[in-house]
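Asks: From the sequence below, what's the structure:
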Amino acid sequence: MFELLWQYTMIFIMAALPWLEILVVIPIGIGIGLNPFGVGLVSFLGNFLPVLLIVYLMKWFQSTSWYIRRREKRKRKKEAEEEAAVTEKEQRRLAKKQHRRERAGRIFEKYGLPGLAFLGPAVTGIHLAAVIALSLNSGKTATTVWMGVSLLAWTILLTVVSYYGFDFIL
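Replies: Residues are numbered from 1 along each chain as shown. Sure thing, here's the model as predicted:
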């Protein structure tokens with residue numbers, strides 16, 4: 001009994017780590033013979049709870065006076081750099097930086113929060129996808145809902161594929 005509880009605890013912890021997404025954790029849990037429903041549930045909770053913490057702590061942090069002052073200072077510094085960019089090399093560097101920012105904004109506008117949420121686990125990891133969404137001014141409720149729906153869909157898909165995949169191999 002203790003060993004089973006320990007295995008599910010490890011699944012939870014591995015799912016909560018940003019480096020080990022449910023793409024890895026669910027097949028491992030099912031591969032070692034744990035109940036697929038239990039693995040799916042524990043993996044979902046282990047991955048979603050840090051997303052909740054990230055969303056609410058980041059929004060709180062962005063509303064602190066220190067962060068607001070720092071953002072204003074960076075904005076003024078950026079404007080001063082753009083005015084002082086005399087050399088052609090500096091102008092190209094600033095233009096390239098601006099182009100990357102605009103490109104990320106266009107991708108987010110094109111696919112929106114749902115696209116980012118559903119591609120997140122496979123491309124960047126759900127934790128980083130949540131940070132990116134919040135940094136592009138998504139609302140915390142919308143980010144939480146879309147990340148949760150995405151995680152639920154990925155969890156169900158991976159659990160079914162892993163269970164029947166291992167069943168097929170064996």
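Asks: quick check: mean pLDDT across the strand or helix carrying residue 161?
Replies: Following DSSP states H and E, one finds residue 161 within helix 140-169. Mean pLDDT, helix 140-169: 88.
Asks: Secondary structure element holding the residue nearest to residue 120 when sequence neighbours are not counted?
Replies: Nearest non-adjacent residue to residue 120, counting by Cβ to Cβ, 6 or more residues apart in numbering: residue 129, 2.8 Å away. Every C-beta, even on glycine, is put in place using the N, C-alpha and C of the backbone. Counting by DSSP H and E, the element that carries residue 129 is helix 126-135.
Asks: Equivalent analysis for residue 70, please.
Replies: Per DSSP H and E: helix 65-84 holds residue 70.
Asks: Could you export that helix as CSV, CA atoms only?
Replies: What follows is helix 65-84, C-alpha atoms only, in CSV (Å, rounded to 0.1, in the frame of the first residue of the first chain):
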residue,chain,number,x,y,z
SER,A,65,4.3,48.9,-7.4
TRP,A,66,7.9,47.7,-7.8
TYR,A,67,7.0,45.9,-11.0
ILE,A,68,5.1,48.9,-12.4
ARG,A,69,8.0,51.3,-11.6
ARG,A,70,10.5,48.8,-13.2
ARG,A,71,8.4,48.5,-16.3
GLU,A,72,8.2,52.3,-16.7
LYS,A,73,11.9,52.6,-16.2
ARG,A,74,12.6,50.0,-18.9
LYS,A,75,10.2,51.8,-21.2
ARG,A,76,12.0,55.1,-20.7
LYS,A,77,15.4,53.4,-21.2
LYS,A,78,14.2,51.7,-24.4
GLU,A,79,13.0,55.0,-25.8
ALA,A,80,16.3,56.7,-24.9
GLU,A,81,18.2,53.8,-26.6
GLU,A,82,16.1,54.2,-29.8
GLU,A,83,16.8,58.0,-29.8
ALA,A,84,20.5,57.5,-29.2
